[in-house]
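# fold the following.
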Amino acid sequence: MRMSAANIYIAFSGLIGLVYNITGAYFIIMLYEFGITLEKIGIILSVYTLTVLLIDYPTGVVADIIGRKTTYCLGLALEGSSLVIFSLNLGYHVMILASVISGFGVAMMSGSFSAWVVEEIKKERGDWGEVISRVFSLSSGIGTAAGLASGFLASLIAIFGTRYPVLVSGALLVIISLFLLVIGGDNRGRLEKKPLRIVVEGLKHLRRREFLLCVISSSMMSGAFWAFAITWQPLFHDVHGLGKEGYGMLFSIMLLGVSLGNFSVPVLSKLFSRWKILISALLMRIPLFIALGLTRELYSAVFIVVLIEFTLGVVGPLMATVFNLLIPSELRASLLSLSSSADSLTNTLVGPLAGLIVSTLGYSALYNLAALMWLASALLLLPVLTVVSRTRTE
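Sure, this is the predicted structure:
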């Protein structure tokens, strides 16, 4: 029996979530054990971010030309290969190369799989807007829930050394990419268009006020959350004295929060408008971030970060739905990559700024700034949701 596009997307999201998160608790520890300093780790991550920023949009164009799922599979294979290279500890300069490969892989993956499933569902279902929202929510929830199990798998694999979770994860991602490549069909943009024309048409789409506002709002969300993502571990070390053995458990609890957020979207959508849920989740982050910077109680901080991750699980699939409702099908992967490029630019700027603010003004100042970014992102999104709510797919 032929698997539907929705089932393929949900199943592989779960499998990839399981495998990918095996590296989560051990990647930085592995680099430390290899003797890579914090400064060099920062350079490695900067090279990765810069690579994603430079090629994210062009790879979206490639996806619209050669096929969305094909491009995603190539990116997944590159990302897996980069993890294998990192785990082999072939030297700092080789790790720089691996970060470039990883950047290419992530850029090719960005938006391609979701663009593929949207087009396939549109072929299969008339009520595709509602179906897409449910698929994104379920796939994100299952992927994150699978990530919870990956923590236990990683712990078992790490008995043989911290490099092995990363090595096993990378190898499995390559294998999964090959399976996904041969399952189901593929789709692309209008093939009669030349690549340069697709790029130009995608950039012209920024003239649409609602799309531009959505891109800016998304980039502010990304920057605010990146400030949290790169500092929560130092925060728990410096302020709350959390031991090394506690980070893996805390990471699993945070993933559980994301999963609960993902699964709550279909339930909440039966009671409230999807767009009211989205704005509420964004506004909820403002007091949470302010409180995280102020609390000195470990368990209170844990509770706060779990709630923050819960809102991440709510916002993610709903923002994906908003973007896909705004974007024409023939430019879908291109414009999703354009938005992702804007997110990468913001993250590139926020990374060094976050470290500077923490070192000079403290964590509270950084999280207060992030709270202002959440407020701005919600305000920018309001006119966008007004337009989206008028579409036939609401």
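# which element follows the lowest-mean-pLDDT helix or strand in the chain toward the C-terminus?
When the helices and strands of the chain are scored by mean pLDDT, DSSP states H and E, helix 195-204 comes last with a mean of 57. For helix 195-204, the following helix or strand on the C-terminal side (DSSP states H and E) is helix 209-229.
# list the buried residues for that following helix?
Of all the residues in helix 209-229, those buried under the rule 16 or more other CB atoms under 10 Å are 210-211, 213-228. For glycine as for every other residue, the C-beta is placed from the backbone atoms N, C-alpha and C.
# go on, stretch 299-313?
For stretch 299-313, the neighbour count (16+ other CB under 10 Å) marks 301-313 as buried.
# contacting residues around residue 137?
The contact partners of residue 137, by CB atoms under 8 Å, 6 or more residues apart in numbering, come to 262, 263, 265, 266, 317.
# mind putting the residues you listed into CSV with pLDDT, secondary structure and neighbour count?
Below are the contacts of residue 137 laid out as CSV (pLDDT from 0 to 100; DSSP: H, G, I helix; E, B strand; the rest coil; neighbours: other CB atoms under 10 Å):
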residue, pLDDT, secondary structure, neighbour count
262, 81, helix, 25
263, 82, helix, 19
265, 86, helix, 26
266, 84, helix, 16
317, 82, helix, 26
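# and the furthest pair within those?
Longest distance between any two of the contacts of residue 137 is 10.2 Å, between 263 and 317; criterion CB to CB.
# okay, now the unreliable bits of the stretch 51-200 of the chain?
57, 124-130, 144, 189-200 (pLDDT under 70).
# and the helices in it, which stretches?
68-87, 92-109, 112-124, 128-157, 163-182, 195-204 (DSSP state H, counting those that start in this stretch).
# tell me which other helices or strands the third one touches.
Same thing as helix 112-124. Here helix 112-124 touches helix 5-20, helix 38-66, helix 68-87, helix 128-157, helix 298-326, helix 332-360, going by 3 or more CB pairs under 8 Å, 6 or more residues apart in numbering; DSSP states H and E.
# could you check the angle the first one makes with helix 112-124?
Same thing as helix 5-20. Computed by axes from the mean of the first three to the mean of the last three CA atoms, to 10 degrees, the angle separating helix 5-20 from helix 112-124 equals 160 degrees.
# quick one: contacts of helix 5-20?
Residues from elsewhere that reach helix 5-20 (CB under 8 Å, 6+ apart): 3, 76, 113-114, 116-117, 120-121, 124, 131, 135, 138-140, 142-147, 149-150, 153, 169, 172-173, 176, 180, 183-184.
# burial count for residue 287?
Using other CB atoms under 10 Å, residue 287 has 13 neighbouring residues.
# isn't residue 89 up against residue 166?
No. In this structure, residue 89 is not within contact of residue 166 by CB atoms under 8 Å, at 10.3 Å.
# neighbour-wise, which of those two wins?
Each of residue 89 and residue 166 has its neighbours counted (other CB under 10 Å); residue 166 has more, 28 against 16.
# quick check: buried residues in stretch 256-275?
Residues of stretch 256-275 classed as buried under the neighbour-count rule (16+ other CB under 10 Å) are 256-266, 268-269, 274-275.
# between those, which is closest to residue 46?
Nearest member of those to residue 46, counting by CB to CB, is residue 258, at 25.7 Å.
# excluding chain neighbours, what is closest to residue 381?
Using CB to CB, 6 or more residues apart in numbering and skipping the chain neighbours, the partner closest in space to residue 381 is residue 217 (4.5 Å).
# okay if I get the helices of the stretch 51-200 of the chain as TSV plus distance to residue 233?
Output for the helices of the stretch 51-200 of the chain, formatted as TSV (distance: least, CB to CB, whole Å):
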stretch	distance to residue 233
helix 68-87	19
helix 92-109	20
helix 112-124	29
helix 128-157	15
helix 163-182	17
helix 195-204	37
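# tell me the contacts of residue 106?
Contacts of residue 106 (CB under 8 Å, 6+ apart): 48, 52, 75, 79.
# what distance do you get for the closest residue in space to the first one that isn't next to it in sequence to residue 355?
Distances taken as CB to CB, 6+ apart place residue 99 nearest to residue 48, at 4.2 Å, with adjacent residues excluded. From residue 99 over to residue 355 the distance is 19 Å, taken as CB to CB, to the nearest Å.
# these two: which has the busier surroundings?
Using other CB under 10 Å, the more surrounded residue of residue 99 and residue 355 is residue 99, with 22 against 16.
# my read: that one touches residue 83, true?
No. Counting by CB under 8 Å, residue 99 sits too far from residue 83 to count as a contact (10.9 Å).
# separation between the residue lying closest to residue 163 once chain neighbours are set aside and residue 69?
Nearest non-adjacent residue to residue 163, counting by CB to CB, 6+ apart: residue 87, 4.4 Å away. Going from residue 87 to residue 69 by CB to CB gives 27 Å.
# likewise for residue 272?
Residue 272 is 33 Å from residue 69, by CB to CB.
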